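> My questions concern the predicted model and sequence given below.
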Amino acid sequence: MQTRTLIILIVVIQALFAKYSLAQETNTQPTEEKEVVVDSIPKHSPKLATWMSVAIPGAGQIYNKSYWKVPVIYIIGAGLTYTTIANNRGYYKYKEAYYHLYENPDDPMEGFEVYTLDQLKTIKDEFRSYRDLSIVGLVILYTLNIVDATVDGYLFDYDVSDDLSLRVEPQILNSYYTNNSFSANQQYGFKLTFKF
């Protein structure tokens, strides 16, 4: 009987040790780390497009792959720069003639003999006004360049698929309930269906 108890005790101890050793083996084994897969395609950055357009007009449009906008920006910019320079030259030329005639009423500058003092002042002010408008146009163009690059950057990844649709269909409504009575009138109209 003691032998039997001893055998049962040895079997139980072996079972406990086997369980403990198995637990030790599973704990001592290095755990497998899950590999994180990072998307290798960089996300389009509207902020980068904005700062590129701030630094160099048109660079944000190139980053956004709107290549056709770059020549438009530079052609308009060149035209506004040319008018700014031309109007600035005219302004200083007529300003000099105006002040010369103002200080020497009997001795006008060469080439400006036909102008009176009021005419020179009017022409000088017009050149200054056109020069200032050209500068404002350049500032507006520069600002629009930045805004366009930013908006285009945000809409770069926007999904425009064939599933986007608007359908307009005629519809007839047969009966409706009014004033506690059931009426069998027909109503005609249109039904708009948005699918996205």
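Now that the structure is in, tell me what you want to look at. Worth saying up front: this structure is predicted, and the values here are computed from it rather than measured.
> so who does Tyr94 touch?
Applying C-beta atoms under 8 Å, 6 or more residues apart in numbering to Tyr94 gives the contacts 120, 123-124, 127. Bear in mind the C-beta positions are built from the backbone N, C-alpha and C, glycine included.
> Helices - which of these land there?
120, 123-124, 127 (DSSP state H).
> Now a PyMOL select for only the buried ones of the residues you listed.
Buried residues within those, by 16 or more other C-beta atoms under 10 Å, are selected in PyMOL with:
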select buried, resi 120+123+124+127
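> Out of the ones in helices among the contacts of Tyr94, the closest to Gly58 would be?
Phe127 (29.6 Å; C-beta to C-beta).
> so that closest one makes contact with Thr83?
No: using C-beta atoms under 8 Å, Phe127 makes no contact with Thr83, being 10.7 Å away.
> one step back: reformat the contacts of Tyr94 as a markdown table; add pLDDT.
Listed next are these as a markdown table, based on pLDDT from 0 to 100:
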| residue | pLDDT |
| --- | --- |
| Leu120 | 94 |
| Ile123 | 96 |
| Lys124 | 96 |
| Phe127 | 97 |
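> out of those residues, who's nearest Asn145?
Phe127 (27.0 Å).
> Secondary structure class of Pro42, three-state.
Three-state call for Pro42 (DSSP: H, G, I helix; E, B strand; the rest coil): coil.
> One more: the one 10 residues further on?
When the structure is split into helix, strand and coil by three-state DSSP, Met52 lands in helix.
> Ok, Lys191 next?
Reduced to three states by three-state DSSP, Lys191 is strand.
> Okay, and the beta partners of it?
The bridge-partner assignment for Lys191, based on DSSP bridges, gives Glu169.
> got the contact list for it?
168-171.
> Leu117 now?
Leu117 neighbours (C-beta under 8 Å, 6+ apart): 98, 101-102, 105.
> And stretch 93-100, what's buried?
93-95, 97-98, 100.
> now, among those, which is nearest to Thr193?
Closest to Thr193, out of all of the buried residues of stretch 93-100 and judged by C-beta to C-beta, is Tyr94, at 65.2 Å.
> so which strand or helix has the closest one?
Per DSSP states H and E, Tyr94 falls inside helix 69-103.
> pLDDT on that helix, on average?
When pLDDT is averaged along helix 69-103, the result is 96.
> and it, which residues are buried?
Neighbour-count burial for helix 69-103, counted by 16+ other C-beta under 10 Å, picks out 69-70, 73, 76-77, 80-81, 83-84, 87-88, 90-91, 93-95, 97-98, 100-101.
> three-state assignment of Tyr158?
Following three-state DSSP, the label given to Tyr158 is coil.
> Distance of the closest residue to Leu48 other than its chain neighbours relative to Tyr158?
In this structure, Leu48 finds its nearest non-sequential neighbour in Tyr63, 6.6 Å apart by C-beta to C-beta, 6 or more residues apart in numbering. Note on Tyr63: its distance to Tyr158, by C-beta to C-beta, to the nearest Å, is 16 Å.
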